[in-house]
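Visitor: Any chance you can model this:
(one chain, ligands or ions: 2)
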Amino acid sequence: MTFDIPSGARHILQTLNDTGYEAYLVGGCVRDLLRSVEPHDWDICTSARPEETEACFAGHRIIETGLKHGTVTVLAEDESYEITTYRTEGPYSDSRRPDYVEFVSSLEADLARRDFTMNAIALGLDGSLQDPFGGEADIQAGLIHCVGEPNQRFQEDGLRVMRALRFGAVFGYEIEEKTAQAIHENRHMLEHVAAERINVELCKLLVGGKVGDILRQYPDVFCQFWPELWPLVTLEQNTPWHCWGGWEHTIHAVEAAPPDLMLRLTMLLHDIGKPNCKSTDENGIDHFYGHPAVSAKLADQMLRALKFDNRTRERVVTLVEHHDVQIPYRDRSIRKWLGRLGPEAFFQLLEVKRTDGMGQAYELVKDRLAELEKMKAKAEEIIAQDQCFTLKDLAVNGRDVIAAGITPGPEVGQMLNGLLESVVNGDIQNERDKLLQLLEIESISDRYRYGRKY
Ligand code: ATP
Ligand code: MG
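Guide: Ligands and ions are numbered 1, 2, ... in the order given. Presented below is the predicted three-dimensional model:
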């Protein structure tokens, strides 16, 4: 088989080979070439020691940040390439990182330290594959398979649990039986993994095409770092709106969302507060009054625990909090919500509501789904027409309010917000002259009220 390899990578392999060292492409790029997917980075492994690699590329820009793990980064033809000396890893006594890394001379020993067979294949410049663990066959079979004994591999590094699930969700591969069993048995190893590292894998996993299958098969793993999920996983809901329990509804909602991180996170967490809010009426029907606010609070806590950035956390919390609000299909309501949330979050909320509907009994929600489509078109029209729905769209500003005689201070803001509300409601038009007139009247009545002279 011939592979499309960038000339910068070829140059590096050739240079190392010409100097008498072994050098191969390895890891994710070889796996992706075999999957017929374009690799996003090109890692190289070599028998050369780091200082020998540096000597080979004396004329190139070199970055030494990974040197203590044996990695030299070389810039060739505007691309950077990580070149890592063959190495094995010592024991993982803190379950976080190996006690030491040791440079070795055997490619196979280097491949043996890697997590899954599909990630443990090396590709030489001549197009030959070094594949001692059967990775190519596993790729063809669509299988995620540990290199070596699965229990031991997950005990060395708990992050591999999340990496397996991530590859499962993104590639749609099955997780081989012993590997799958070891994932369940060793999920507690995630306790030793930094939240930031779990976060990276979770974000990739959530936007994967097969995220639903992974959530369905491995709820115990997700509960390991987010114990708040457990009550939802076991939640039964007897309501005319839902044909599934809490977890299955959540999974359908996540699957129905577009592959966008904020939307997928929102759907994963939108009903997280339901178990706390459950009540059953005299007819045996369950209710979950007030669950969006409780869900928002729990979502905030969970996203903080996993060190999400503020922007993602705040937006997801807003969307969770409002996922159930009823927005009437009227221009003024749409303008009000556009102003309150901002257009970006408003359109995300419509998407969240559409997606939530897809996870409910379709016959009962189909009218609501159709209305959401109309609402989206109407909001787009409002924006295209430059209609006013925020203070910055208003035809007057704070200076006008003060010029009209209102005392500088909080009253200025109150006055502007009052005007905005009237404009959004459609009671007055957003025209400067009309608004200035109104300000004048307000200012006079204000001065009467406070007994001031004018
Ligand atoms: P991606 O496409 O997301 O980059 P990747 O498999 O290339 O996936 P990297 O984090 O870039 O992931 O790692 C490069 C290679 O290093 C992997 O293919 C694998 O061989 C090895 N590797 C990475 N993380 C681990 C780990 N936690 N345990 C063992 N080997 C690992
Ligand atoms: Mg990679």
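Visitor: Spell out, range by range, the strands that occur in the protein.
Guide: Ranges of strands within the chain are 23-26, 43-46, 62-63, 71-76, 79-85, 87-89, 101-103, 122-123, 129-130, 143-144, 174-175, 279-280, 286-287, based on DSSP state E.
Visitor: and ligand 1, which of those strands is closest to it?
Guide: Proximity of the strands of the chain to ligand 1 was assessed by C-beta to the nearest ligand atom; the nearest stretch is strand 43-46, lying at 5.7 Å. Where you see a C-beta, it was placed from the backbone N, CA and C, and this is true even at glycine.
Visitor: contact partners of that closest one?
Guide: For strand 43-46, contacts defined as C-beta atoms under 8 Å, 6 or more residues apart in numbering pick out 9, 12-13, 16, 21-29, 53, 81-86, 107, 110, 122.
Visitor: what does stretch 175-188 give?
Guide: Residues from elsewhere that reach stretch 175-188, judged by C-beta under 8 Å, 6+ apart: 116, 138, 143-146, 150-151, 153-155, 158, 161, 164-165, 168, 217-218, 220-221, 224.
Visitor: ok, now with 7 Å
Guide: Stretch 175-188 has contacts (C-beta atoms under 7 Å, 6 or more residues apart in numbering) with 143-146, 150-151, 154-155, 161, 164, 168, 218, 220-221, 224.
Visitor: buried residues in that stretch?
Guide: Along stretch 175-188, the positions that meet the burial threshold by neighbour count (16 or more other C-beta atoms under 10 Å) are 175-176, 179-180, 182-183, 186-187.
Visitor: Contact residues of the protein facing ligand 1?
Guide: Applying the criterion C-beta under 6 Å from any ligand atom, the portion of the chain that neighbours ligand 1 consists of 27-28, 43, 114-115, 119-120, 157, 159-160, 163.
Visitor: again, only this time at 8 Å
Guide: Residues of the chain found near ligand 1, taking C-beta under 8 Å from any ligand atom as the criterion, are 26-29, 31-32, 39-41, 43, 111, 113-116, 119-120, 153, 156-157, 159-160, 163, 166-167, 204.
Visitor: Just the buried ones out of those residues, please.
Guide: Buried members of these, scored by 16+ other C-beta under 10 Å, are 26-29, 31-32, 39, 43, 111, 113-116, 119-120, 153, 156-157, 159-160, 163, 166-167, 204.
Visitor: one step back: and among the strands of the chain, the most buried is which?
Guide: Per-stretch averages of neighbours, counted by mean count of other C-beta atoms under 10 Å, single out strand 23-26 among the strands of the chain, with a mean of 26.
Visitor: re earlier: could you redo the strands of the chain as a markdown table and give each row mean pLDDT?
Guide: Written out in a markdown table, the entries for these read as follows (pLDDT from 0 to 100):
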| stretch | mean pLDDT |
| --- | --- |
| strand 23-26 | 98 |
| strand 43-46 | 98 |
| strand 62-63 | 94 |
| strand 71-76 | 94 |
| strand 79-85 | 96 |
| strand 87-89 | 90 |
| strand 101-103 | 89 |
| strand 122-123 | 98 |
| strand 129-130 | 98 |
| strand 143-144 | 98 |
| strand 174-175 | 98 |
| strand 279-280 | 85 |
| strand 286-287 | 84 |
